[in-house]
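Colleague: give me coordinates for this.
(2 chains)
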There are 2 protein chains.
Amino acid sequence: MPVTDIATRTYDHGWRLDPIVRSLLDTDFYKLLMLQLIWRLHPDVQATFSLINRTRTVRLADDIDERELRDQLDHARSLRFAKKELIWLAGNSFYGRQRMFEPAFLSWLADFRLPDYELRAVDGQFELRFPGPWTHTTMWEIPALAFVNELRSRAALKGRGRFELDILYARAKAKLWEKVERLRALPDLVLSDFGTRRRHGFLWQRWCVEALKEGLGDRFIGSSNVLLAMDADLEAIGTNAHELPMVLAALAEDDAALAAAPYRVLAEWQTQYDGNLLIALPDAFGTTAFLADAPAWLADWTGFRPDSSPPIEGGEQIIAWWRARGVDPATRLLIFSDGMDVDTIERTYRHFHGRVRTSFGWGTNLTNDFRGCDPAGGAALAPISLVAKVLTANGRPAVKLSDNPAKATGDPAEIARYLRVFGDSGRVAQPVMV
Amino acid sequence: MPVTDIATRTYDHGWRLDPIVRSLLDTDFYKLLMLQLIWRLHPDVQATFSLINRTRTVRLADDIDERELRDQLDHARSLRFAKKELIWLAGNSFYGRQRMFEPAFLSWLADFRLPDYELRAVDGQFELRFPGPWTHTTMWEIPALAFVNELRSRAALKGRGRFELDILYARAKAKLWEKVERLRALPDLVLSDFGTRRRHGFLWQRWCVEALKEGLGDRFIGSSNVLLAMDADLEAIGTNAHELPMVLAALAEDDAALAAAPYRVLAEWQTQYDGNLLIALPDAFGTTAFLADAPAWLADWTGFRPDSSPPIEGGEQIIAWWRARGVDPATRLLIFSDGMDVDTIERTYRHFHGRVRTSFGWGTNLTNDFRGCDPAGGAALAPISLVAKVLTANGRPAVKLSDNPAKATGDPAEIARYLRVFGDSGRVAQPVMV
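Modeller: Model prediction:
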């Protein structure tokens, strides 16, 4: 006779909530690096973040129960950093550096809680906003995205049979392992998991990370997910994001200050971090404009993360910039993280191999690729292009131009002003797949 | 914190044996039909069964610990038919017939236990023999095969990591489901599980049966495995095997009696069973010889199970035989069960569709197809051609010629005598894949 643990069964029946995020460390590492900078240099800035679903054809508010989303958001607001998590942040080395986070910042984190949110459903989409101090609202980005993505997966799989789910996950595991076996053929690959925000679910991301660890060994350098990095003794990976130039640009008093904002971000960053954390994200207002006016000292930085131009063109543009400044690209690093998958990783790796160091941040197509896996067919599990962006800073509209106009965000009049200031050179519309 | 059930963990640590066979019903249904016939008509015959590994390159006794095989055999000898199992055999209908098994037979079964065995390792192979009354030794066939096959799987997977096993089974599940999706495209398919003897393992067979039930619906008519049929409320499928003509041929006093033996088996069978159980197995001593001298009344039987000639040629030979006797093949049934897989099932189905009813018994390639699934590569999980055959009956050597000389078994001098009696017509050597 099979043995069933009655206590477990009874507990399962009485669940109020299956929390998607159970720790404030279940976020991307770059949030903590940016948070320390914001806490030190911009403690009084107010920044509102907003959820943006670029895949308008998917009506999220029809698929996901608003009550369930509220429950997850409310549960996340009840979380605090656990003592052992703060001890780990204090005691662990990150990017080869001890004491990355200063004691006063960690003391401040001990009292941190996520601020309130505003949620309503409008025309089949969620209007989800996080107003408040930048030091707090910035921490909503990753859990908010993870909630919506995982609630969408749960909704798609609600009521499915035990067997159907078994096939679904068997196929997804087999599919990911095929990718791992292909990536294994790239001897100098450097790859990390960037898939927290778009993950099918937390447990699935954990499985994917385990698969990369098992299959790629040292070529898998770590995870952007701080909790998974801690639990699996992996490196926590990440540097900085568009929110820094977006906020500083929004706060600029005039067009001249706006034009200087992207470089002010870098100047601030290098007062805080060094070594392999000196990675510039060049595309917030167009890479071509950014490189044209970049300060000479930027050539001393470790590398760039071209994030919205096609990887090979984007990389070549940066290599040409280095060469023009007398820098040997082989001593520098390019990090590719924009919708990568095995095909583009292979192609990009081979293209640049031996000419420049490369590193790949593998996101959506790592942790949310169930295409072809659902025995029921259909696209209910297809990933969507969901982001959480700064909407306003101190009440002023924030803008992102990107190298890909399809990824631009912000008020149209402000976008027009930014285009006047930064120009439109080198920006090419590409379909946004994920 | 994860909850671990301490009692379960402690129990797991203390296991003496993980029994491969936990019920005497974990056998093929045809064994019970044949057993009732043997019990009624041949209660005094002594028959020795023997394990035969046709895949000589696989040195079973090197791969499998003899002690573990003994432990499984000994455990099987401790089994009795459970009360609920006998009640089910009495109360269930089989092939549309109530009371298939008579009460006296079921009473006799209540005291049944598997007889002793002889086991030794010779030159890397197991010499495993079951001497004793035919009424008892016949029941060793399926568990003996299942033991060796599952112990081989276990040996191949011993010491593998948790993750590697996860990938292995994910791939195997995905692989089987691809097959199910292909078979779904055959609207009039009639298919059953014949995979007990060659299964990778009991739990895997159970999963495969669940997959067919889920994926094929009514086109999956049931399982040869009596225990799985009972537990999953499926039809138990099966008719008769080569052991009947082999034993009756071995007992034949002279060549004339030998030539008549295959038909005597059929005559006996039809005194016991009717309807869809009237399926002739024509190939024990060559199908061509069998059909040439077959009695006219055999044309009234429901069908044939051509088991060692290529399915299309074998089927056509039988259709021609029916036609020559004025029988419309569309009213008859052909059961294909020799090493079938999706390709051959599709081809055979399409070839005969609309001309004759077909049914497929899917064995090794259903329950033991891990080819390409092992992340470690290699062939440790490749199925082998393992059978358990009658070696002697009342001390006289038993022979099987088969339509495929590669599948012949028995003493060479006796094989030569059988070839004189039955001829060699229509026998064509084919590689034995599984």
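
Colleague: C-alpha only now, for contacts and for neighbours.
Modeller: OK.

Colleague: separation between residue A:292 and residue A:325?
Modeller: Distance, residue A:292 to residue A:325, by CA to CA, to the nearest Å: 12 Å.

Colleague: more neighbours: the two, which one.
Modeller: Neighbour tally, residue A:292 and residue A:325, criterion other CA atoms under 10 Å in any protein chain shown: the higher count belongs to residue A:325, 12 against 9.

Colleague: does that one touch residue A:298 like I think?
Modeller: No - judged on CA atoms under 8 Å, residue A:325 makes no contact with residue A:298 at a distance of 10.0 Å.

Colleague: from the rest of the structure, what touches stretch A:60-80?
Modeller: A:17, A:19-24, A:110-116, A:119, A:121-122, A:124-126, A:143-144, A:147-148, A:151-152, A:155-156 (CA atoms under 8 Å, 6 or more residues apart in numbering or on different chains).

Colleague: now, those residues that are in helices?
Modeller: Mapping the contacts of stretch A:60-80 onto helices (DSSP state H) picks out A:110, A:143-144, A:147-148, A:151-152, A:155-156.

Colleague: quick check, nearest of these to residue A:423?
Modeller: Proximity of the ones in helices among the contacts of stretch A:60-80 to residue A:423 (CA to CA) peaks at residue A:144, which lies at 32.6 Å.

Colleague: pLDDT score assigned to the closest one?
Modeller: At residue A:144, the pLDDT value in this model is 98.

Colleague: what number of residues lie near it?
Modeller: 23.

Colleague: kindly report the same for residue A:310.
Modeller: Using other CA under 10 Å, the number of residues around residue A:310 comes to 18.

Colleague: spatially nearest residue to the residue of the stretch 101-250 of chain A at minimum distance from chain B (excluding sequence neighbours)?
Modeller: Here the stretch 101-250 of chain A gets closest to chain B at one residue, residue A:170, 4.1 Å apart by CA to the nearest CA. Nearest residue to residue A:170 in three dimensions, chain neighbours excluded: residue B:170, at 4.1 Å (CA to CA, 6 or more residues apart in numbering or on different chains).

Colleague: element containing the one you found?
Modeller: Per DSSP states H and E, residue B:170 falls inside helix B:162-183.

Colleague: let's see the lowest-mean-pLDDT helix or strand in chain A as CSV, backbone CA atoms only.
Modeller: In chain A, the helix or strand scored least confidently by mean pLDDT, DSSP states H and E is helix A:6-13, which has a mean of 82. Extracted C-alpha coordinates of helix A:6-13, given in CSV (Å, rounded to 0.1, in the frame of the first residue of the first chain):
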residue,chain,number,x,y,z
ILE,A,6,-1.5,12.7,6.3
ALA,A,7,-0.1,15.9,7.8
THR,A,8,1.4,16.9,4.4
ARG,A,9,-1.9,16.2,2.6
THR,A,10,-3.9,18.1,5.1
TYR,A,11,-1.5,21.0,4.9
ASP,A,12,-1.7,21.0,1.1
HIS,A,13,-5.5,21.2,1.3
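
Colleague: for the next helix or strand after it, which residues meet the burial criterion?
Modeller: Using DSSP H and E, the helix or strand that follows helix A:6-13 towards the C-terminus is helix A:29-41. By neighbour count on 16 or more other CA atoms under 10 Å in any protein chain shown, the buried set for helix A:29-41 is A:29-39.

Colleague: equivalent analysis for stretch A:280-295, please.
Modeller: A:280-291, A:294.

Colleague: quick one: residue A:217 is in a strand?
Modeller: No - per DSSP: H, G, I helix; E, B strand; the rest coil, residue A:217 lies outside any strand segment and is helix.

Colleague: I'd like the buried residues of stretch A:280-295 laid out as TSV, including pLDDT.
Modeller: What follows is the buried residues of stretch A:280-295, written out as TSV (pLDDT from 0 to 100):
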residue	pLDDT
A:280	98
A:281	97
A:282	97
A:283	96
A:284	97
A:285	97
A:286	96
A:287	97
A:288	96
A:289	96
A:290	97
A:291	97
A:294	97
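
Colleague: show me which of the residues you listed is closest to residue B:412.
Modeller: The shortest approach to residue B:412 among the buried residues of stretch A:280-295 belongs to residue A:281, at 79.9 Å (CA to CA).

Colleague: the closest one is in contact with residue A:306, isn't it?
Modeller: Yes - contact criterion CA under 8 Å: residue A:281 and residue A:306 qualify, at 6.2 Å.

Colleague: which residues touch stretch A:260-268?
Modeller: Around stretch A:260-268, the neighbours that count as contacts under CA under 8 Å, 6+ apart are A:244-245, A:248-249, A:252, A:280, A:290, A:294-295.

Colleague: which pLDDT does the model give the residue of the stretch 101-250 of chain A closest to chain B?
Modeller: 97.

Colleague: and for residue A:5?
Modeller: Model confidence at residue A:5 (pLDDT) stands at 80.

Colleague: equivalent analysis for the one 10 residues further on, please.
Modeller: Each residue has a pLDDT score; the one for residue A:15 is 83.

Colleague: ditto for residue A:321
Modeller: The model reports residue A:321 with a pLDDT of 98.

Colleague: please apply the same query to residue A:430.
Modeller: 88.

Colleague: which ones are touching it?
Modeller: Residues in contact with residue A:430 (CA under 8 Å, 6+ apart) are A:404-406.

Colleague: how close does the closest residue to chain B within the stretch 1-150 of chain A get to residue B:7?
Modeller: At 8.0 Å from chain B, residue A:5 is the closest residue in the stretch 1-150 of chain A, using CA to the nearest CA. As for residue A:5, its distance to residue B:7 is 10 Å (criterion: CA to CA).

Colleague: buried subset of the ones in helices among the contacts of stretch A:60-80?
Modeller: Among the ones in helices among the contacts of stretch A:60-80, those scoring as buried are A:143-144, A:147-148, A:151-152 (criterion: 16+ other CA under 10 Å).

Colleague: contact residues of the stretch 51-200 of chain A facing chain B?
Modeller: Within reach of chain B by CA under 8 Å from any CA of the partner chain, the stretch 51-200 of chain A has these residues: A:163, A:167, A:169-171, A:173-174, A:177.

Colleague: now, of those residues, which are buried?
Modeller: For these, buried by 16+ other CA under 10 Å: A:167, A:169-171, A:173-174, A:177.

Colleague: ok, those residues vs residue B:355, which is closest?
Modeller: Distances from residue B:355 to these, taken by CA to CA, are shortest for residue A:167, at 35.5 Å.

Colleague: look at the closest one and report its pLDDT.
Modeller: 96.

Colleague: surely it and residue B:175 touch.
Modeller: No - taking contacts as CA under 8 Å, residue A:167 lies outside contact range of residue B:175: 9.9 Å.

Colleague: burial of the nearest residue to residue A:363 once chain neighbours are set aside, as a residue count?
Modeller: Spatial nearest neighbour of residue A:363, excluding adjacent residues (CA to CA, 6+ apart): residue A:195 at 3.7 Å. If you count neighbours by other CA under 10 Å, residue A:195 ends up with 25.

Colleague: contacting residues for residue A:195?
Modeller: For residue A:195, the contacting residues are A:205, A:224, A:362-368, by CA under 8 Å, 6+ apart.

Colleague: in the stretch 1-150 of chain A, where is pLDDT below threshold?
Modeller: Counting by pLDDT under 70, the stretch 1-150 of chain A contains no low-confidence residues.

Colleague: look up how far residue A:382 lies from the nearest residue to residue A:380 once chain neighbours are set aside.
Modeller: Leaving aside its chain neighbours, residue A:380 sits nearest to residue A:156 (5.7 Å; criterion: CA to CA, 6+ apart). Distance of residue A:156 to residue A:382, computed by CA to CA: 10 Å.
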